Structure formats: structure tokens, C-alpha cells
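Asker: Structural data only, the sequence is not supplied:
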């Protein structure tokens, strides 16, 4: 049994891909999170339908997260 | 009487199909969950309308889950 | 006065029809539930607009439920 | 001052019309409710845009309720 | 400083207009409310886009309320 | 560091513009609020796409608020 | 490990870009926040699809926030 929060812990300082409810994806290094699944990422590249953006550091509010894929 | 969380426990390390609110399905092995129905899955294949993706390990935020079908 | 949870209890091991927020219906035997209206059903047939599927056992997250009709 | 829950209590065993968020109405006898406005109704007739259905007993999850009109 | 709940108290037994999230308005006498902004109204006239209805007594679930205007 | 609630306190009896989730704006004097960001405003003028209305006193349910701009 | 709230603290009095659920962005100096991610910003420029507005001081309700990018 792997608790979801435990997997986030194991993903710290590794690349992850976040999918958000508005279909945006954020790809970057997971550098922090809390119990609401609020997250901090670094070196983020964001993709939404047609646009790609380099964002650097990003704080994501957990309520927008659909799934996290450790890369 | 089978408590929903009990059925998740019995589904550990087995194949399940998750349906999410955005109509996405995730098919893979359930390796973890918590009381919010946040889940960890492995060997995930994701289907959304027209696209199929191999995702490997995935953390799903419980608030997006519609139903879980043990395979 | 019949408490909603009491009616669910009386519906255990009986056929019910669940209507979900995405207009999907699940018809099957109610085998479990908890205080969030998360439910376990067996022998489920799912109908959504044009598609009918046999699903077997299903866990439904309560936040998606609109109404339950004991059959 | 009439507390909303008090009015539900006074409506027990009487006809009420429930309007749900998806614009569905349920007309029937209120036979139970709890503090989340989950409700039990009997002899329910459901109307949604073009379809009318006889449903008998129904449990409604409170989060879907817009308004209740005692008939 | 006028607390929102205090203004509701002062509006008891007076005419108010409620705007709901589905753009429906309810005009009538406020006869009760609770801490979730669930409300009881009397002599209600409901307007939604093209339809006007006389509803009499109505219980509104607070989560649907956008704003209240004391008349 | 200015706590959001502190800024609301400093905005009491001043003009503010509220933006709501349905894209409606309310412009008026902030006369009260609580910890849910429920608010009381006076001398309110409401703008929604094509319509402008004078509303006088208004109670806004906090869950509808997007942002507040002290004028 | 960088807690999301810690990163907000480090962003105080610096420029940040907020993305909201309605696709609006607010660019300005973060001058405050609380545990719900309600935020106070100053010197805000707001962009929504086609319109750019100078707003000065803004309080944002946290439930609308998607992501925060320290500039």
C-alpha cells in the first residue's frame, strides 16, 4: 500500500507532470506540497491547448489538480 | 454490508478502471488510496475521447473521481 | 420520519437506480455505503445517453450522486 | 422567525416540489430529511425538460437541491 | 460595521429579492434563515428568464444564493 | 504583510467594486463582511454584461466573490 | 521541501502573476495572503481575454486561484 501523500514525498525533486481541471498541464520539478495537494514546482513548462510557456517557479492550488504523473 | 473503503482495500494490487469527472478513464493497478479517495495507480493507461496514453504511476486527486470498477 | 441514511440501510442487497450528476445511471444491487453517500453496488448496468455497459462491482463517489431510487 | 429545518419538519408527510440544480423537479410526499438537506420522498413524479417519470421512493442528495416548495 | 447575518435579521418579515446561481430570482417576504444562508420565504414570485411563477412558501438552499436585496 | 481580512476592514465605509463568478460587478460602499467573505454593501450599482441596476443595500454570499477592488 | 505557504511568504512584496479559474490573470505585487490563499495584491494589472485594466489594490478570494508565478 502506497499512500498518495507518500508518493508525492518520493517524487520530491523529481520531474512530474500535473494535469489541471482546465486541461492545462504543468511539467517541472516538484519541490513542495502540503496536505491539500497545493504544490510547488520549479522549471515549469505549461501547456494549454495551443500555448506553451516557460514559467519557472509555480505554486498550484490543490483544488485544481486532476492527476500527477512522476516522470 | 461492504464499506466503500473496504472494497478499495480489497482492490489493492488489482486492476481497476477509474472514471473521472472530465470523462477520462484510467485503467491500471490500484496501489494505494486515502480517506479522500485520492489514489495511486501503476501501469496506467489513460483514455480520453480520442487519445490513449501510457502513464505508468499516477496519483489521482479524489475530488475528480466518479466511479471505480475493479476489473 | 425516515432518515435518508436509514432508507439506504433498508435498500441494502436490493436493486437501486442511481442517477449521477453527469446524467449517467447505474442500476444494480446496493451492497454498501458510507456517511458521504459513497456507495458500493454489484451487478451494475450503466446507462449514459447512448451507451449501455455491464460493469459488475462499482464504487461510486458520493459527491456525484443526484438521487437513489430503490427498485 | 422560521428556521429552514423547522419548515422541512412541518412539511413531513405532505406534498412538496423539489427543484434540483440540473433543472429537474421532483414532486412527492416528503417522508424524511437530515441536516445536509438529504431528503426522502415517496410517490415521486419527476419532470425534466421533456420527460415525466413515476419513481416511487427517492433519496435525494442535499447538495443538488435548489429550493423546496411545500404544496 | 453591519454583519451580513445581522442584515438578514433586520430583513425578517420584509420583502427581499434573492438572486440564485442559475439566474433565477425569488421575490417575497423573508421569514427565516440559518447560518448557511438557507432561507425561508413567503408569498414568493419566481422569475427565470421567460417564466414567472407564484410559489407561496419556499425553502432555498443557501449554497445557491448569489445576493439578497432587501426591498 | 496585509491580511486579506484586514484590507476588508480598512475598506469599510468606502467604495469597492466586487467581481462575482457570473461576471457581474457590484459597485458600492462596503458596510460589512464576515469570515466567509459574505459582504454587505450600500448604494450598489450592479453591472452584468448589458444591464445596469441600482440595488441599494445588498448582501453577497462570499462563495460567489472573485475579487474586491477598493475604489 | 518548500511548503506552498512558505513560497508565498518569500514572494511577499514581489511581483507575482495570478491565474484565476475564469482565465483572468492578475499581475502585481503580493502584499498579503492567508491560509485559504486569499490574497492581497498592489499595482495590479488584470488581463482577461481581450481587456487589460489597471486595478491598484485587489483582494482575491482564494477559491478562484489556479496558480501563482513569482515574477
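Answerer: Nice, I can see it. All values reported here derive from a predicted model rather than from experimental measurement.
Asker: For chain A, which segments count as strands?
Answerer: For chain A, the strands defined by DSSP state E occupy A:15-20, A:25-33, A:39-48, A:51-60, A:65-70.
Asker: and whichever residue of chain A sits closest to chain F, what does it touch?
Answerer: Nearest residue of chain A to chain F: residue A:63, at 13.2 Å (Cβ to the nearest Cβ). C-betas here are computed from N, CA, C, even on glycine. For residue A:63, the residues meeting the contact criterion (Cβ atoms under 8 Å, 6 or more residues apart in numbering or on different chains) are A:36, B:63, G:63.
Asker: ok, those residues vs residue A:42, which is closest?
Answerer: residue A:36 (19.5 Å; Cβ to Cβ).
Asker: ok, that closest one to chain B distance?
Answerer: Residue A:36 sits 10 Å away from chain B, going by Cβ to the nearest Cβ, to the nearest Å.
Asker: and the residue positioned nearest the centre of chain A, bridged to which residues?
Answerer: In chain A, the centroid-proximal residue (Cα atoms, centre = their mean) is residue A:18; its distance is 3.9 Å. When bridges are called by DSSP bridges, residue A:18 pairs up with residue A:26, residue A:68.
Asker: Quick check: the residue of chain A nearest chain E.
Answerer: At 16.4 Å from chain E, residue A:63 is the closest residue in chain A, using Cβ to the nearest Cβ.
Asker: before we move on, the earlier item: next, find the distance separating the residue of chain A closest to chain F from residue A:22.
Answerer: Using Cβ to Cβ, to the nearest Å, residue A:63 is found at 12 Å from residue A:22.
Asker: about what we covered before: pLDDT score for the residue of chain A closest to chain E?
Answerer: Looking at residue A:63, its pLDDT is 98.
Asker: which residues does residue A:26 contact?
Answerer: Shown in contact with residue A:26 (Cβ under 8 Å, 6+ apart): A:17-18, A:20, A:41, A:44-46, A:55, A:58, A:60, G:67.
Asker: try 7 Å
Answerer: A:18, A:41, A:44, A:46, A:58, A:60 (Cβ atoms under 7 Å, 6 or more residues apart in numbering or on different chains).
Asker: Counting neighbours, which of those residues end up buried?
Answerer: Burial by neighbour count, 16 or more other Cβ atoms under 10 Å in any protein chain shown: within these this picks out A:18, A:41, A:44, A:46, A:58, A:60.
Asker: from these, which single one is nearest residue F:11?
Answerer: Using Cβ to Cβ, residue A:60 is the member of these that sits closest to residue F:11, with 29.0 Å.
Asker: quick one: that closest one and chain C, what's the gap?
Answerer: 21 Å.
Asker: Report pLDDT for that residue.
Answerer: Looking at residue A:60, its pLDDT reads 98.
Asker: In this structure it contacts residue G:65, no?
Answerer: No - using Cβ atoms under 7 Å, residue A:60 is not in contact with residue G:65; the gap is 9.1 Å.
Asker: Residue C:50: which of the strands of chain A is closest?
Answerer: Nearest of the strands of chain A to residue C:50, taken as Cβ to Cβ: strand A:65-70 at 25.2 Å.
Asker: by contact count, what packs against the closest one?
Answerer: Using 3 or more Cβ pairs under 7 Å, 6 or more residues apart in numbering or on different chains; DSSP states H and E, the elements in contact with strand A:65-70 are strand A:15-20, strand B:51-60.
Asker: how about it: buried residues?
Answerer: Neighbour counts over strand A:65-70 (16+ other Cβ under 10 Å) mark A:65-70 as buried.
Asker: Using CSV, please lay out those together with distance to residue G:30.
Answerer: Listed next are those as CSV, based on distance: Cβ to Cβ, whole Å:
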residue, distance to residue G:30
A:65, 22
A:66, 26
A:67, 28
A:68, 25
A:69, 30
A:70, 30
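Asker: Low-confidence stretches in chain A?
Answerer: By pLDDT under 70, chain A contains no weakly predicted segment.
Asker: Residue of it closest to chain C, please.
Answerer: For chain A, Cβ to the nearest Cβ, closest residue to chain C: residue A:63, 13.2 Å.
Asker: do you know how far that residue is from residue E:66?
Answerer: 21 Å.
Asker: Quick one: name the residues of chain A near chain G.
Answerer: A:12, A:20, A:22, A:31-32, A:34, A:38-40, A:55-61, A:64 (Cβ under 7 Å from any Cβ of the partner chain).
Asker: Give the full set of residues in contact with the nearest residue to residue A:44 once chain neighbours are set aside.
Answerer: Setting aside the residues directly before and after it, residue A:44 is nearest to residue A:28 in space (Cβ to Cβ, 6 or more residues apart in numbering or on different chains), at 3.6 Å. Residues in contact with residue A:28 (Cβ under 7 Å, 6+ apart) are A:15, A:41-45.
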